[in-house]
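Chemist: this one's structure only:
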Ligand SMILES: Nc1ncnc2c1ncn2[C@@H]1O[C@H](COP(=O)(O)OP(=O)(O)OP(=O)(O)O)[C@@H](O)[C@H]1O
Ligand SMILES: O=C([O-])CC(=O)C(=O)O
Ligand SMILES: [Ca+2]
Ligand SMILES: [Mn+2]
């Protein structure tokens, strides 16, 4: 009995456990099976969403497979080594995810130029290159954290990473292939950013980059777009070795929809980013171990010896500065936003002058922060993301940018708390040029698609380290062109390698490092468009007041914002103006919300003689710089050229 009772007791306990079916059991027999349940395979691209019926379900299913193959083939062709004239065997996916099985689907070599030798002649021809194709931010986070030293998740969810030894662009290491097709078009020689190289040397560097990339187990490939104007959209492919670079470009270029990706075809332009690998200094034209090489005819760019991601972004911008003017479209190093009433403003300015900060405005729609086109249709952003400086970033002064630094955002070279992963934006231990790259839709009032009507206001931003330019002045057309061609600012430390403190600099079209044609070509287009559309131009000093750098202080962002508000609202047009000495700038006597005494810089200087000396010194620098342009005509109108020459400082 006792034993019976015991048995019953045990049975009842067992029953209780077995019958606890409040949670259904998992449909897996092993841990591996359980894990495989976690990830849902994306439904394979099926029938085309738009043209269903035109070629029937059966044939479109085949063409999907073909499309997949064509895509792999196109990637293999991108990575083709020139000497072997064949692309590597490529296969999609992470190599670590398929350790056990050998890749099964090598690229069929249909094309003539892709036909591999029957017997592989090198070790690299025996291996597969794994392609991580247009990965999502989540996948790229995992890759970065697993495989890239110095990658962490910040407390706000951004991917904090390091760009290595280079934390800014290297303009002196940029080379452009000079050949018969561009010899007469491009701007060469003194002042030009286009330092020439020959095609052979380009090929040497290209081979070096491609061999490096092919030697890796895996490379990242991004297929994306540039330019929100659908008529002038450019397809770009970025091949890179780091998840950081892939995520950066995912954020900065326009992201294709699934459907657009299916029909992507072959790219118009390809970047080979082999940034961890140096160039060979024994190669002709090389003056360091860094080389950024542009070959317009081949539609290719090679990056060696720098991991700074801005090189990719700005390399593509150079390309657009070549392609767009050919189509009578003006490319601009500017931010752009639009008011509720549809009024568009452009913000020109060199690095660090406030394009991103001032175009990001809670009261206006953001069209873009750095690169635009102005065509007969209006303005369009070239990019799909923003690249904000974040040194001394504060939630109070720049809330939209602060809030955009979340999951998906790349945070470069910032310093954070080891435990909480909270970023200290004041810390310059790695560099002054700390940056955040985020998709434009992370700004709540972004205007998607990023296009707008013709600009009403054109704002030239200058960060004057001498402290003698007024916080705001109204420009006539000749003055606008004079200042646009001059492109004056103090280069703020950081964005360009080696610049440690502000120095006066002149950079034609507020972006000489990126233009490809002579500055007067862009200037003539700007003058023509401003006249045609009746835009008003303003010169805004976002730099120093009450003395030069070291003595004075930077103009408060809150005041600059008030000035910009008055430009947008139209109220500044109604102000009373006086004219300054030397530069002949029209300055308003009052701006709402801004102390009037700051509007005329002389008021703020304790030492008036020092002010006058400094003003003349800057005027002299302007004059010396402009001498280089005195022999060029701006547009077909020679009177405009004369007016522009006369619109500089008079002393
Ligand atoms: N009065 C001011 N006006 C504008 N920006 C200011 C002002 N005072 C300080 N700043 C700071 O100056 C920096 C301006 O950088 P911003 O990112 O806008 O440069 P950018 O013109 O977009 O340059 P880049 O082309 O390199 O991206 C920001 O860090 C901003 O906080
Ligand atoms: O290109 C970069 O690294 C950042 C930038 O926008 C500029 O310098 O104009
Ligand atoms: Ca910027
Ligand atoms: Mn820029």
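Modeler: Arrived safely, thanks for sending. Everything quoted here is computed from the prediction, not taken from an experiment. Ligands and ions are numbered 1, 2, ... in the order given.
Chemist: Okay, now the unreliable bits of the stretch 451-600 of the chain?
Modeler: Within the stretch 451-600 of the chain, the set of residues satisfying pLDDT under 70 comprises 491-496, 498-502.
Chemist: Was I right to think residue 630 contacts residue 645?
Modeler: Yes: taking CB atoms under 8 Å as the definition, residue 630 is a contact partner of residue 645 at 6.4 Å. All C-beta atoms are positioned from the backbone trio N, CA, C, and that covers glycine.
Chemist: So which of those two has more stuff around it?
Modeler: The residue with more neighbours, out of residue 630 and residue 645, is residue 645; 15 against 10, by other CB atoms under 10 Å.
Chemist: So that one versus residue 602, what's the distance?
Modeler: Between residue 645 and residue 602 the computed distance is 26 Å (CB to CB, to the nearest Å).
Chemist: How about the contacts made by the residue of the stretch 201-350 of the chain found nearest ligand 2?
Modeler: Per CB to the nearest ligand atom, residue 310 is where the stretch 201-350 of the chain lies closest to ligand 2, at 2.6 Å. Contact partners of residue 310, counting by CB atoms under 8 Å, 6 or more residues apart in numbering, are 168, 169, 387, 435, 495.
Chemist: can you list these in JSON lines and add secondary structure and distance to ligand 1?
Modeler: Shown next, in JSON lines, are these (DSSP: H, G, I helix; E, B strand; the rest coil; distance: CB to the nearest ligand atom, whole Å):
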{"residue": "168", "secondary structure": "coil", "distance to ligand 1": "9"}
{"residue": "169", "secondary structure": "strand", "distance to ligand 1": "9"}
{"residue": "387", "secondary structure": "strand", "distance to ligand 1": "5"}
{"residue": "435", "secondary structure": "strand", "distance to ligand 1": "8"}
{"residue": "495", "secondary structure": "coil", "distance to ligand 1": "5"}
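Chemist: Could you export those residues as a markdown table, including neighbour count?
Modeler: Output for these, formatted as a markdown table (neighbours: other CB atoms under 10 Å):
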| residue | neighbour count |
| --- | --- |
| 168 | 23 |
| 169 | 23 |
| 387 | 23 |
| 435 | 25 |
| 495 | 22 |
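Chemist: near ligand 3 too, which of the residues you listed?
Modeler: residue 387 (CB under 5 Å from the ion).
Chemist: Let me see the contact set for the closest residue to residue 76 other than its chain neighbours.
Modeler: Spatially, and ignoring its direct neighbours in sequence, residue 76 is nearest to residue 87 (3.2 Å; CB to CB, 6 or more residues apart in numbering). Listed by CB under 8 Å, 6+ apart, the contact set of residue 87 reads 73, 75, 76, 77, 78, 79, 80, 81, 107, 114.
Chemist: quick one: residue 87 from residue 315, how far?
Modeler: Separation of residue 87 from residue 315 (CB to CB): 23 Å.
Chemist: same thing with residue 612?
Modeler: When CB to CB is the yardstick, residue 612 and residue 315 sit 43 Å from each other.
Chemist: okay, these two: which has more neighbours?
Modeler: Remark: of residue 612 and residue 315, residue 315 carries more neighbours, 23 against 15, as counted by other CB under 10 Å.
Chemist: residues contacting that one?
Modeler: 271, 292, 294, 301, 303 are the contacts of residue 315 under CB under 8 Å, 6+ apart.
Chemist: how many neighbours does the residue lying closest to residue 353 once chain neighbours are set aside have?
Modeler: Spatial nearest neighbour of residue 353, chain neighbours left out: residue 461 (4.0 Å); criterion: CB to CB, 6+ apart. When neighbours are counted by other CB under 10 Å, residue 461 registers 26.
Chemist: Pretty sure residue 461 sits against residue 537.
Modeler: No: the criterion here is CB under 8 Å, and residue 461 misses it with residue 537 at 11.6 Å.
Chemist: still on that earlier bit, need the per-residue pLDDT for the residue nearest to residue 76.
Modeler: Note on residue 87: pLDDT of 86.
Chemist: how close does it get to residue 81?
Modeler: 8 Å.
Chemist: The residue nearest to residue 231 when sequence neighbours are not counted: what's it in contact with?
Modeler: Distances taken as CB to CB, 6+ apart place residue 377 nearest to residue 231, at 7.5 Å, with adjacent residues excluded. Residues near residue 377 by CB under 8 Å, 6+ apart: 229, 231, 451.
Chemist: Please enumerate residues in contact with the one helix or strand the residue nearest to residue 353 maps to?
Modeler: Here residue 461 sits within strand 455-462, counting by DSSP states H and E. Applying CB under 8 Å, 6+ apart, the contact partners of strand 455-462 are 336, 343-350, 353-355, 358, 374, 379, 469, 475, 480, 483-484, 488-489, 510, 526, 530, 533-543, 564, 567-568.
Chemist: List the neighbouring strands of it plus their orientation.
Modeler: Take DSSP bridges as the rule and strand 455-462 pairs in its sheet with strand 344-348 (parallel), strand 536-541 (parallel).
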